[in-house]
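Novice: predicted coordinates and the sequence they were generated for:
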Amino acid sequence: MPKIVVLGSCRHEPYTFLAPNKLDADLYARDHHAAYIDACAVFYPAIKEADVVVVYNPEGAVGEHTAADIREAERQGKRIVYLFPRPENSKNG
């Protein structure tokens, strides 16, 4: 059974994220950078374990932190799937 991790900004709404395991809701209620550091402790091991990385990128947008996560997935040689087309001039950061 493939393992999938979803990356992307939680700032783009509306959306509903369904998963058997939830992140601590307080994680994103704190300082943005500090929350990202804590999120890395959750997502980087998940990226390592995943077979596929799915990027939630409304309007093709990929923010700074998501771009860093994508670079980590690329470094690990993961297959990356974007939910929305990226603008022609976009990069992973």
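Specialist: In hand now; what should we look at?
Novice: what segments of the protein are strands?
Specialist: 4-8, 52-56, 79-82 (DSSP state E).
Novice: weakest of the ones you listed in terms of mean pLDDT?
Specialist: Among the strands of the chain, strand 4-8 has the lowest mean pLDDT, at a mean of 83.
Novice: packing partners for it?
Specialist: helix 32-49, strand 52-56, helix 64-75 (3 or more C-beta pairs under 8 Å, 6 or more residues apart in numbering; DSSP states H and E). All C-beta atoms are positioned from the backbone trio N, CA, C, and that covers glycine.
Novice: other SSEs contacting the second one?
Specialist: It refers to strand 52-56. Using 3+ C-beta pairs under 8 Å, 6+ apart: strand 52-56 touches strand 4-8, helix 64-75, strand 79-82.
Novice: now swap in the first one and tell me
Specialist: Contact analysis of helix 32-49 by 3+ C-beta pairs under 8 Å, 6+ apart lists strand 4-8, helix 64-75 as its packing neighbours.
Novice: among these, which is nearest Tyr56?
Specialist: Smallest distance to Tyr56 across the helices and strands packed on helix 32-49 (C-beta to C-beta): 3.0 Å, for strand 4-8.
Novice: deepest-packed of the helices and strands packed on strand 52-56, please.
Specialist: Highest mean neighbour count of the helices and strands packed on strand 52-56: strand 4-8, a mean of 20 (counted as mean count of other C-beta atoms under 10 Å).
Novice: that one pairs with which strands?
Specialist: strand 52-56 (parallel) (DSSP bridges).
Novice: can you give me the buried ones in the partner strand?
Specialist: Val53, Val54, Val55, Tyr56 (16 or more other C-beta atoms under 10 Å).
Novice: and that strand with helix 64-75, angle?
Specialist: 160 degrees (axes from the mean of the first three to the mean of the last three C-alpha atoms, to 10 degrees).
Novice: contacts for strand 52-56?
Specialist: Contact with strand 52-56 is made by 2-9, 12, 15, 47, 62, 66, 70, 73, 78-83, as judged by C-beta atoms under 8 Å, 6 or more residues apart in numbering.
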